[in-house]
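1. here are the coordinates; sequence isn't available:
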């Protein structure tokens with residue numbers, strides 16, 4: 001009885017301390033220091049909280065497992081250490097069936113649990129919208145980006161990051177970086193294409209990236225939920241100027257998006273950039289001459 005009372009009095013201050021520490025955490029800390037979380041602001045997209053939830057929960061589970069493992073290891077070292085005056089080896093045990101069953105079942109449960117929750121969230125994130133409000137085609141090329149606003153039938157073509165000769169060393173001209181403009185609160189489907197080699201479309205604060213593979217179309221479905229400018233880059237080593245293959249995503253109001261589309265039309269950017277600039281025009285199924293035709 002006395003032991004239980006002592007245990008209870010020990011748990012109370014620990015729980016209180018833990019509650020105070022967690023209450024003082026910032027949004028970044030509560031979300032595992034992932035980018036895109038700010039105090040008092042909505043999530044960047046409809047998927048960021050799902051990604052951060054899987055990330056932080058996984059780390060919490062792993063830290064608990066680690067603490068238990070480290071605790072048992074230290075306990076064994078201390079309790080079963082060689083005492084003064086002891087000689088020889090301790091009693092050697094060949095096996096302990098309950099412990100071995102425990103050590104087999106617990107890791108299996110953890111692996112299955114991680115797999116199940118990852119598959120659940122992946123399926124939700126990768127699900128395509130039945131009726132997207134806006135369809136966009138993002139085309140990766142060495143070493144820049146083209147964006148087709150398919151729904152509005154306008155386009156932009158980008159160039160790789162240009163050095164700012166008047167700025168600090170390594171600085172780039174911000175106005176020259178390709179920009180993808182998205183309306184806030186809309187269901188957006190982005191078709192991902194590549195003109196030459198494999199690229200990877202990565203918007204850092206969206207907590208999402210996906211490969212762009214020549215000859216294969218991948219899709220990204222997202223609802224931007226916070227107005228702002230977010231950095232993006234190619235996340236697949238794609239050649240000499242890979243580090244300059246940057247872009248920005250501007251999430252704006254619907255009115256500002258419509259004004260941007262009108263500005264593209266006024267600049268003569270009507271229509272779509274097609275595959276005529278692709279380097280891989282010798283792929284099977286294209287009109288490139290074959291060996292037999294050459295003979």
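-> The structure has been received and is ready for your questions. If you're wondering where the values come from, they're calculated on a predicted model, not measured in any experiment.
2. low pLDDT regions in this structure?
-> 1-35, 39-40, 280-295 (pLDDT under 70).
3. how about the helices in it?
-> 2-23, 27-30, 48-79, 97-126, 254-266, 291-294 (DSSP state H).
4. give me the buried positions along the fourth one.
-> Of the residues in helix 97-126, those scored as buried under the neighbour-count criterion (16 or more other Cβ atoms under 10 Å) are residue 125. The C-beta positions use only the backbone N, C-alpha and C, and glycine is treated the same way.
5. give the residue farthest from the middle of this protein.
-> Going by Cα atoms, centre = their mean, the residue of the chain most distant from its centre is residue 85, 57.9 Å out.
6. any idea how many residues pack against residue 230?
-> 21 (other Cβ atoms under 10 Å).
7. tell me who's in contact with it.
-> 36, 44, 203-206, 248-251 (Cβ atoms under 8 Å, 6 or more residues apart in numbering).
8. how near is it to residue 150?
-> 21 Å (Cβ to Cβ, to the nearest Å).
9. for residue 74, same thing?
-> 60 Å.
10. and if you look at residue 41?
-> From residue 41 over to residue 150 (counting by Cβ to Cβ), the distance is 30 Å.
11. so which of those two has more stuff around it?
-> residue 150 (17 against 13).
12. burial measure for the nearest residue to the more buried one once chain neighbours are set aside, as a count.
-> For residue 150, ignoring the flanking residues on the chain, the nearest one in space by Cβ to Cβ, 6 or more residues apart in numbering is residue 135 at 4.2 Å. Using other Cβ under 10 Å, the number of residues around residue 135 comes to 17.
13. residue 135: what's it in contact with?
-> 150-151, 188-189, 191.
14. repeat that for residue 273.
-> 139, 146, 148, 155, 157.
15. now it: phi and psi?
-> When read as degrees, to the nearest 10, the backbone of residue 273 gives phi -80, psi 120.
16. what of the one 5 residues further on?
-> The phi/psi pair for residue 278 (degrees, to the nearest 10) reads phi -60, psi 140.
17. so it makes contact with residue 146?
-> No: Residue 278 lies out of contact with residue 146 (Cβ atoms under 8 Å); the separation is 11.0 Å.
18. list residues touching both of the two?
-> Residues touching both residue 278 and residue 146 by Cβ under 8 Å, 6+ apart: none at all.
19. quick one: buried ones out of the contacts of residue 135?
-> Buried among the contacts of residue 135 (16+ other Cβ under 10 Å): 150, 188-189, 191.
20. among these, which are located in strands?
-> 188-189, 191 (DSSP state E).
21. run through the residues that contact residue 144.
-> 157-160, 178, 245, 247.
22. list buried members of the residues you listed by neighbour count.
-> Applying 16+ other Cβ under 10 Å to the contacts of residue 144 flags 158, 160, 178, 245, 247 as buried.
23. tell me how many other residues crowd residue 185.
-> Residue 185 - counted by other Cβ under 10 Å - has 16 other residues nearby.
24. gap between it and residue 151?
-> Relative to residue 151, and taking Cβ to Cβ, residue 185 is found at 15 Å.
25. test my guess that residue 143 contacts residue 238.
-> Yes: contact criterion Cβ under 8 Å: residue 143 and residue 238 qualify, at 6.9 Å.
26. overlap in contacts, those two.
-> Residues touching both residue 143 and residue 238 by Cβ under 8 Å, 6+ apart: residue 245.
27. picking up where we left off before, output the helices of the chain as JSON lines; include the columns distance to residue 173.
-> JSON lines is the format used below for the helices of the chain (distance: least, Cβ to Cβ, whole Å):
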{"stretch": "helix 2-23", "distance to residue 173": "44"}
{"stretch": "helix 27-30", "distance to residue 173": "30"}
{"stretch": "helix 48-79", "distance to residue 173": "29"}
{"stretch": "helix 97-126", "distance to residue 173": "34"}
{"stretch": "helix 254-266", "distance to residue 173": "20"}
{"stretch": "helix 291-294", "distance to residue 173": "45"}
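28. for residue 216, find the nearest of those.
-> helix 97-126 (15.0 Å; Cβ to Cβ).
29. so which elements touch the closest one?
-> For helix 97-126, the contact count by 3 or more Cβ pairs under 8 Å, 6 or more residues apart in numbering; DSSP states H and E identifies helix 48-79 as packing neighbours.
30. in the helix it packs on, what's buried?
-> Neighbour-count burial for helix 48-79 [16+ other Cβ under 10 Å]: 48-52, 54, 56, 58.
31. report the angle between the axes of that helix and helix 97-126?
-> 160 degrees (axes from the mean of the first three to the mean of the last three Cα atoms, to 10 degrees).
32. mind checking how far helix 48-79 is from the chain centre?
-> Centroid separation between helix 48-79 and its chain, computed with Cα atoms, centre = their mean, to the nearest Å, is 22 Å.
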